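Enquirer: Pasting the sequence and the predicted coordinates here, then a few questions.
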Amino acid sequence: PPASDLVRFLYSLAHNVKPVIAAVDGVAMGIGTTMLFHCDYVLASKTALFSTPFSNFGLVPEGASSLLMPRTMGHQRAFAMLVMGRPMSADDARVAGFVNTVVSPGHTEVEARKVARDICKLPAEAVATSRKLLRTPPEELTRRIDQEGHLFGERLKSDEAVAAFKAFA
C-alpha cells in the first residue's frame, strides 16, 4: 500500500539535510510535539503547551518519538509524556532539552527568523557536516517510524482505542 501523507512527512524529516527550526505559539499535540524532536532548533512562546496523549486514546507513540524523546530528555520525562500523557509547559520543555528558547507569545516567528539568519551566516558545509554528525542516522529513524506506525495501526483497531475515541466523542 502507498505510504500515508504522514509517513511521507516523517520520512522527509528523517532524511532532511538542511537545518530545521520550529516555532510553537500555542498547543502542540501529538505529531505537533513529536515532530519537534526532528528539528534542530525549537522556539516556544511562554504559553505553548506540549502534549502527547497517545495512551489516553489506547494508542502508542509515533514519529520515532519513542526513540528520540528518551534520548533528548531521559526515560522518565519521556515516559511521563508518551505513556502517561502528561503535558509539558514551554519552560519545562526548555529544561527537558527539546526547546532552546522561550519567548513572549506572538514573537516565535520573528525570533525563529533571527535564528535562521544566524545559521545562514555560518559556513554552509561546516553546518551540514556538523548537523549530520549530531543527528540520528535516517535509516534508524525510518525503521522506528515504521515500527511505531505498524503498532499504531494495530492499536487503532483495538477495543481500548475504540472505547477511548467513543468516550472522547
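Expert: Received, thanks. Numbers count the residues shown, from 1 in each chain.
Enquirer: can you pull the buried residues of the lengthiest helix in the chain?
Expert: Longest among the helix segments of the chain by residue count, using DSSP state H, is helix 138-156. Buried residues in helix 138-156, defined by neighbour count with 16 or more other CB atoms under 10 Å: Pro138, Leu141, Thr142, Arg144, Ile145, Glu148, Gly149, Phe152, Arg155. In short, each C-beta sits where N, CA and C put it, glycine included.
Enquirer: again with stretch 27-36
Expert: Burial within stretch 27-36, assessed by neighbour count using 16+ other CB under 10 Å, is assigned to Ala28, Gly30, Thr33, Thr34, Met35, Leu36.
Enquirer: circling back: want to throw the buried residues of helix 138-156 into JSON lines with pLDDT and distance to Ala167?
Expert: Output for the buried residues of helix 138-156, formatted as JSON lines (pLDDT from 0 to 100; distance: CB to CB, whole Å):
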{"residue": "Pro138", "pLDDT": "96", "distance to Ala167": "38"}
{"residue": "Leu141", "pLDDT": "96", "distance to Ala167": "33"}
{"residue": "Thr142", "pLDDT": "96", "distance to Ala167": "34"}
{"residue": "Arg144", "pLDDT": "97", "distance to Ala167": "29"}
{"residue": "Ile145", "pLDDT": "95", "distance to Ala167": "28"}
{"residue": "Glu148", "pLDDT": "95", "distance to Ala167": "24"}
{"residue": "Gly149", "pLDDT": "93", "distance to Ala167": "24"}
{"residue": "Phe152", "pLDDT": "93", "distance to Ala167": "19"}
{"residue": "Arg155", "pLDDT": "94", "distance to Ala167": "16"}
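Enquirer: Name the helix or strand for the residue at minimal distance from the centre of the chain, please.
Expert: The centre of the chain sits closest to Thr34, judged by CA atoms, centre = their mean, with a distance of 2.2 Å. Using DSSP states H and E, Thr34 falls within helix 31-34.
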